[in-house]
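Enquirer: here is a sequence with its predicted model. Questions after.
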Amino acid sequence: MYDLIIIGAGPAGLTGAIYALRANLKVLVLEAKNYGGQIINASKIVNYPGIKEISGFDFSQVLYEQVKDFGGLIKFEKVIEVLPDKTVITENNKYQAKEIIIATGLINRKLNLENEDKLLGHGISYCATCDGNFFKGKTVSVVGGGNKALEDALELSNIASKVYLICRRDTFKGDKKYQEELKKKKNVEIILNSTIKKLNGENSLKSILIDTKGKLTTIDTEALFIAIGEIPNNEIFKNIVSLDEDGYIITDDNLKTKTKGIYVAGDNRQKELRQLTTAISDGALAASMVIKDLNN
């Protein structure tokens, strides 16, 4: 029996673990993949108060080490179901908790094209920070219109010989600062009003077919970095929480769900602002509410 099980080892989940461990709770953190969440893919964090600049990887590493230093137990197991009695079922085990914090964050949105899954890791990637160096001196592409796409294109411009940046709109949603920086890059070609229709290649990506206002063009590229946003991954929790029309978990102001003793922290909940600062804040608040519950 654990006092608290936290599902997800991103900034919200790890912060919640730190607060709970400092209150001497018995805590288990379950994570399906790697600790750090989406922020681990950020090459630079420059808007976190008190830290001028840090990479997402370094920030996540510090959080992880803090949890371990406080005696936290982190297991890399995928959760497949949570029961109302707070039994957490993974692919390997069953665990029991007095309270639960769901902090699963977001997952990458896919293009949903044929071969996308097959070519993942063979030219298709959702993380330029992770995989960009595999394509040093080569031709790569980025698809997306927000800050992540712009940041990916900027980072890749320092690695690849040529970068195509493809956006389905006639303008970008991302910051003007990034757009101005990209315009100065001689090896970056911006393609607007375009969508990707096909991924070509058997064992690795060779080219992509794009549609620009009805005109089809094939672009030779050895990598495509997909940066079209994220979506919540909350389907497995719908028996214990309420979801809005976009799949985000609905909570009250204290991050409580409809099931007593189950809280939510981070980007997977319904809220206005999804930033590192708000994820950290959510983790601290959710853990504080758990501590209050158990003390009562």
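Expert: Perfect, I can see it now.
Enquirer: just the strands from the stretch 1-150 of the chain, written as ranges.
Expert: 2-7, 27-30, 73-75, 79-82, 87-90, 94-102, 106-108, 124-125, 139-143 (DSSP state E, counting those that start in this stretch).
Enquirer: hey, least reliable of those strands by pLDDT?
Expert: Here the lowest mean pLDDT among the strands of the stretch 1-150 of the chain goes to strand 106-108, at a mean of 89.
Enquirer: residue 213 is nearest to which of the strands of the stretch 1-150 of the chain?
Expert: With Cβ to Cβ, the closest approach to residue 213 among the strands of the stretch 1-150 of the chain belongs to strand 139-143: 16.4 Å. All C-beta atoms are positioned from the backbone trio N, CA, C, and that covers glycine.
Enquirer: what about residue 91, how many neighbours?
Expert: 9 (other Cβ atoms under 10 Å).
Enquirer: and it, what are its phi and psi?
Expert: Taking degrees, to the nearest 10, you get phi -70, psi -20 for the backbone angles of residue 91.
Enquirer: in the protein, which helix or strand is least confident?
Expert: The weakest-scoring helix or strand in the chain, judged by mean pLDDT, DSSP states H and E, is helix 128-131 (a mean of 82).
Enquirer: for that helix, name the packing helices and strands.
Expert: Contacts defined by 3 or more Cβ pairs under 8 Å, 6 or more residues apart in numbering; DSSP states H and E place helix 128-131 against helix 147-157, strand 223-226.
Enquirer: beta partners for the closest residue to residue 74 other than its chain neighbours?
Expert: Nearest residue to residue 74, sequence neighbours excluded (Cβ to Cβ, 6 or more residues apart in numbering): residue 29, at 4.4 Å. Residue 29 forms beta bridges with residue 6, residue 74, as assigned by DSSP bridges.
Enquirer: contacting residues around residue 29?
Expert: Residues in contact with residue 29 (Cβ atoms under 8 Å, 6 or more residues apart in numbering) are 5-6, 8-9, 13-14, 17, 67, 72-75.
Enquirer: over to residue 151?
Expert: Under the criterion of Cβ under 8 Å, 6+ apart, the contact partners of residue 151 comprise 42-43, 128, 174, 178.
Enquirer: lowest-confidence one in those residues?
Expert: Within the contacts of residue 151, pLDDT reaches its minimum at residue 43, with 71.
Enquirer: surely that one touches residue 129?
Expert: Yes. In this structure residue 43 lies within contact range of residue 129 using Cβ atoms under 8 Å: 5.1 Å.
Enquirer: what residues are shared contacts of the two?
Expert: Counting by Cβ under 8 Å, 6+ apart, the contacts common to residue 43 and residue 129 are 56, 155.
Enquirer: which helices and strands sit right next to the longest helix along the chain?
Expert: As assigned by DSSP state H, the longest helix anywhere in the chain is helix 276-295. Here helix 276-295 touches strand 2-7, helix 11-22, strand 94-102, strand 262-264, going by 3+ Cβ pairs under 8 Å, 6+ apart.
Enquirer: ok, which of those comes nearest residue 235?
Expert: Closest approach to residue 235 among those is made by strand 94-102 (12.1 Å; Cβ to Cβ).
Enquirer: give me the contacts around the least confident helix or strand of the chain.
Expert: With Cβ under 8 Å, 6+ apart, helix 128-131 has contacts from 40-43, 56-57, 125, 142, 151-152, 155-156, 223, 225, 227.
Enquirer: how about 10 Å then?
Expert: Applying Cβ atoms under 10 Å, 6 or more residues apart in numbering, the contact partners of helix 128-131 are 34, 40-44, 55-57, 121, 123-125, 135, 140, 142, 148-149, 151-156, 159-160, 163, 223, 225-227.
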